[in-house]
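S.K.: When you get a sec, could you give me coordinates for this:
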Amino acid sequence: MSTSVEFRSPLPEIHLRPIIDIPTRQSDEDECRTPTSSEYKIPLIETCPPAPRKRRKLMLCKRKLWSEMQFFETDGQDKIDSFFRCSYNLSQNIKKRSCPNT
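M.R.: A predicted model of the protein is given here:
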């Protein structure tokens, strides 16, 4: 087969259906319309509103007051501190054993 222009067959004609005009409606009552009277318009602003202000950051707890805050009273604070220090030191000394593969 050759691709030259001489041997190509002519393209078939394209037949389209004619466009049908849709008649417009005569009554305006059926259509939705935007109200245009003055009572529906946005009123003009005479003065500009003030600029927005930054919100204040809430200071829940200051560092200075953290040491003064106590949620509950304890009689033996040194015993509690020594208990947590002791358990922390024990966890460092325990070595993990590996299980042999079976």
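S.K.: for this protein, what are the low-confidence residue spans?
M.R.: Residue ranges of the chain with pLDDT under 70: 1-5, 23-29, 59-74, 86-97, 100-102.
S.K.: which residues in it form helices?
M.R.: 63-66, 77-93 (DSSP state H).
S.K.: Tell me who's in contact with D78.
M.R.: Contact partners of D78, counting by C-beta atoms under 8 Å, 6 or more residues apart in numbering, are absent. C-beta coordinates here come from the backbone N, C-alpha and C atoms, glycine included.
S.K.: Relative to R85, how far out is it?
M.R.: Distance, D78 to R85, by C-beta to C-beta, to the nearest Å: 10 Å.
S.K.: Tell me, how many residues neighbour K41?
M.R.: 9 (other C-beta atoms under 10 Å).
S.K.: now swap in the one 3 residues further on and tell me
M.R.: Residue neighbour count, defined by other C-beta under 10 Å, stands at 5 for L44.
S.K.: how close does it sit to S38?
M.R.: 11 Å.
S.K.: And I45, by the same measure?
M.R.: 16 Å.
S.K.: what does Q77 give?
M.R.: From Q77 to S38 the distance is 76 Å (C-beta to C-beta).
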